[in-house]
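In: the sequence and its predicted three-dimensional model are supplied below.
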Amino acid sequence: MHNKYYLLGRRIQWVRQKRGVTQEKLAVGAKVSITHLGLVETGSRKPSLDLVFRIADYLGIKVEELFKF
């Protein structure tokens with residue numbers, strides 16, 4: 001069973017890809033390094049709540065959309 005941070009990261013990745021946004025563009029838009037974003041997407045790093053809001057804002061979605069897993 002996957003942990004919730006893994007599921008959140010995969011959901012971020014799925015939404016990002018569905019919207020045609022590269023990891024680099026999202027990282028710049030969310031004001032985080034590409035490395036950090038990559039670690040968040042794989043569940044290796046826990047994102048701050050502030051980062052989750054910035055990601056949702058950049059992707060143009062409500063934050064709760066990232067928690068539909």
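Out: Here it is on my side, so go on. Not measured: the values here are computed from a predicted model.

In: so where's this structure uncertain?
Out: 1 (pLDDT under 70).

In: can you show me the helices along it?
Out: Under the criterion DSSP state H, helices of the chain are mapped to 4-18, 23-29, 34-41, 49-59.

In: need those helices in a markdown table with distance to residue 68, can you?
Out: (C-beta placed from N, C-alpha, C; glycine too.) Compiled in a markdown table, these are given as follows (distance: least, CB to CB, whole Å):
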| stretch | distance to residue 68 |
| --- | --- |
| helix 4-18 | 7 |
| helix 23-29 | 18 |
| helix 34-41 | 16 |
| helix 49-59 | 12 |
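
In: mind putting those into CSV with mean neighbour count and distance to residue 65?
Out: As requested, the helices of the chain are exported to CSV (neighbours: other CB atoms under 10 Å; distance: least, CB to CB, whole Å):
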stretch, mean neighbour count, distance to residue 65
helix 4-18, 17, 7
helix 23-29, 16, 15
helix 34-41, 18, 16
helix 49-59, 16, 7
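
In: which residues touch residue 47?
Out: Contact analysis of residue 47 by CB atoms under 8 Å, 6 or more residues apart in numbering lists 5, 8, 9, 40, 55.

In: can you tell me which of those residues comes closest to residue 15?
Out: Nearest to residue 15 among those, counting by CB to CB, is residue 55 at 8.6 Å.

In: touching, residue 11 and residue 63? I think so.
Out: No. The pair residue 11 / residue 63 is not scored as a contact, 11.3 Å apart, by CB atoms under 8 Å.

In: just the contacts of residue 47 now: which is nearest residue 16?
Out: So of these, ranked by how close each gets to residue 16 (CB to CB), first place is residue 55, at 8.2 Å.

In: residues in contact with the residue nearest the centre of the chain?
Out: The C-alpha lying nearest the average C-alpha coordinate of the chain belongs to residue 12 (CA atoms, centre = their mean; 3.5 Å). The contact partners of residue 12, by CB under 8 Å, 6+ apart, come to 40, 41, 55, 66.
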